[in-house]
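[1] 3D model of this:
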Amino acid sequence: MGKYFGTDGFRGEANVGLTAEHAYQIGRFLGWYYSEKRRADGSKKKARVLIGKDTRRSSYMFEYSLVGGIVASGADAYIMHVTTTPSVAYITRVDEFDCGIMISASHNPYYDNGIKLINSRGEKMDEETIEKIEAYLDGTEEAPLAHRDEIGCTVDYVAGRNRYIGYLISLGVYSFRDKTVALDCANGAAWSIARAVFDALGAKTLVINAEPNGLNINENAGSTHIEGLQKFVVENHCDVGFAYDGDADRCLAVDEKGNVITGDHILYIYGKFMHERGKLLTNTVVTTIMSNFGLYKAFDELGIGYAKTKVGDKYVYEYMTEHGCRLGGEQSGHIIFTKYASTGDGILTSLKLMEVLCAREKPMSALSEGFTMYPQVLENVKVRDKAAAQADEAVQAAVKRVADALGDTGRILVRESGTEPVIRVMVEAESEAVCHRYVEEVVGVIRAQGHAV
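    Residues are numbered from 1 along each chain as shown. Have a look, this model is predicted:
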């Protein structure tokens with residue numbers, strides 16, 4: 001991770017950690033950088049940068065600042081307005097933009113915001129380009145202003161959002177006309193897209209949290225506050241409910257009984273569906289190290305292989321592309337289908353779950369049978385030095401004792417936080433009592449060795 005950009009872009013509280021000046025400078029660099037690349041390739045056409053945003057009030061400020069920087073450096077800025085992160089990735093790739101920008105802080109509260117950068121292939125921007133942008137932000141790179149007819153222009157590109165909606169509709173292989181579907185749009189980017197897709201495919205679509213006002217994105221809504229959707233699905237006798245986050249790159253579901261279908265459930269349901277039809281290339285589902293132990297036990301029973309990456313959909317996607325895998329994701333609901341998208345896509349994920357629901361002609365609750373979530377206990381320990389605490393021989397010995405005691409009935413995971421001075425101790429086992437006992441054992445050693453603050 002760089003000075004400004006983390007694994008999911010440049011993020012911070014609006015006008016505190018992330019300012020309009022930052023956005024303008026990022027636009028200035030991107031406009032100049034891609035204009036120079038075009039000139040080096042002998043092209044006389046202007047560089048084109050695509051921009052989308054979520055529903056936060058500050059997203060407008062960052063949008064205008066980015067546009068100002070882009071056109072001042074000689075590139076054209078195409079604006080999709082309020083739309084989802086995966087739609088920006090899709091249109092950047094299929095309409096051959098030089099790069100894409102999504103203004104969003106995903107599932108964070110409204111006062112935070114972020115700038116996500118997407119390359120011409122619809123993937124997260126490469127580290128080399130990010131390093132150059134950061135050097136420019138720190139004043140060690142220069143980007144001259146464009147003059148006269150070299151100054152860029154702004155293009156309204158709402159047509160791109162409509163093309164994306166059409167693409168999603170084209171992926172629906174079944175009619176949903178006998179299904180009642182609830183959608184929780186988190187008062188975010190999905191509010192103007194998800195219903196259009198489900199209505200077009202024939203569902204009786206019931207929508208909640210689709211009245212954004214700039215201040216209510218993710219507020220007691222969406223995939224991080226799914227209890228409202230659970231209640232709504234049961235009360236309205238829905239077949240299934242889907243909850244998105246602020247920029248709709250993740251999706252969680254609720255079955256007809258009100259039970260939560262996590263990202264791990266989704267990987268199990270669709271991985272099994274692909275495996276049964278011989279569609280699971282490399283016979284591998286890609287997960288992160290935080291996926292539930294029960295998922296791996298279920299895959300073992302089915303004869304499905306799995307890989308484990310570091311936490312972050314970026315690492316999941318990298319593994320998938322390197323090894324030719326078709327399905328991967330995180331427990332949080334970032335699910336990637338590489339045949340159809342280059343990033344996690346919440347609405348696409350809900351369509352793929354609907355595909356299994358329709359094909360199997362079973363209730364959603366029956367589709368996850370065979371997968372039992374193991375109880376999980378996680379404790380965060382604030383420490384003086386993460387690396388020293390992790391490397392401590394007494395701590396390592398305690399972790400090994402727990403791992404040996406659990407054997408194949410559970411697991412322990414001790415890792416450093418990527419953003420905080422914290423060691424995370426997580427145990428999964430067949431009972432919550434066992435989880436608590438072993439977590440307390442390891443945390444006790446961390447404290448006894450003097451690492452805790």
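[2] show me what contacts Ala389?
    Ala389 makes contacts with 381, 383, 395, 423, 446, 449, 451, as judged by C-beta atoms under 8 Å, 6 or more residues apart in numbering. (C-beta placed from N, C-alpha, C; glycine too.)
[3] Reformat those residues as a markdown table; add neighbour count.
    Listed next are the contacts of Ala389 as a markdown table, based on neighbours: other C-beta atoms under 10 Å:
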| residue | neighbour count |
| --- | --- |
| Val381 | 21 |
| Val383 | 23 |
| Val395 | 22 |
| Ile423 | 25 |
| Ile446 | 22 |
| Gln449 | 16 |
| His451 | 21 |
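[4] Include distance to Gly278, secondary structure and pLDDT when you put the residues you listed into CSV, please.
    Putting the contacts of Ala389 into CSV (distance: C-beta to C-beta, whole Å; DSSP: H, G, I helix; E, B strand; the rest coil; pLDDT from 0 to 100) gives the following:
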residue, distance to Gly278, secondary structure, pLDDT
Val381, 46, strand, 95
Val383, 48, strand, 94
Val395, 45, helix, 96
Ile423, 43, strand, 94
Ile446, 47, helix, 96
Gln449, 52, coil, 94
His451, 50, coil, 95
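[5] Relative to Leu171, which of those is nearest.
    Nearest to Leu171 among the contacts of Ala389: Ile423, at 42.1 Å, using C-beta to C-beta.
[6] hang on, the closest one packs against Asp385?
    No. With contact defined as C-beta atoms under 8 Å, Ile423 does not reach Asp385; the gap is 9.9 Å.
[7] what sits in contact with each of those two?
    With C-beta under 8 Å, 6+ apart, Ile423 and Asp385 have common neighbours His451.
[8] Who are the packing partners of the top helix by length along the chain?
    Taking DSSP state H as the criterion, the chain has its longest helix at helix 20-40. Applying 3 or more C-beta pairs under 8 Å, 6 or more residues apart in numbering; DSSP states H and E, one finds that helix 20-40 makes contact with strand 48-53, helix 57-72, strand 99-103, strand 112-118, helix 127-137.
[9] how about 6 Å then?
    Secondary-structure packing of helix 20-40 (3 or more C-beta pairs under 6 Å, 6 or more residues apart in numbering; DSSP states H and E): helix 57-72, helix 127-137.
[10] Check the model's average confidence along it for me.
    Average pLDDT, helix 20-40: 96.
[11] Low-confidence bits of this structure, can you list those?
    1, 418-419 (pLDDT under 70).
[12] tell me the domain ranges of it?
    Segmentation of the chain into domains, based on automatic domain parsing, reads 5-159, 171-367, 376-448.
[13] for those, which one sits closest to Ile165?
    domain 171-367 (5.5 Å).
[14] So which residues make contact with the helix or strand in which Met320 is found?
    Taking DSSP states H and E as the definition, one finds Met320 inside helix 313-323. Identification of contacts with helix 313-323 by C-beta atoms under 6 Å, 6 or more residues apart in numbering yields 7, 124, 286, 307, 309, 328, 334, 336, 338, 344.
[15] Could you do stretch 395-413 as well?
    By C-beta under 6 Å, 6+ apart, stretch 395-413 touches 293, 414, 426-430, 438, 442, 445-446.
[16] Any buried residues in it, and which?
    For stretch 395-413, burial by neighbour count (16 or more other C-beta atoms under 10 Å) applies to 395, 398-399, 402-403, 406, 410-413.
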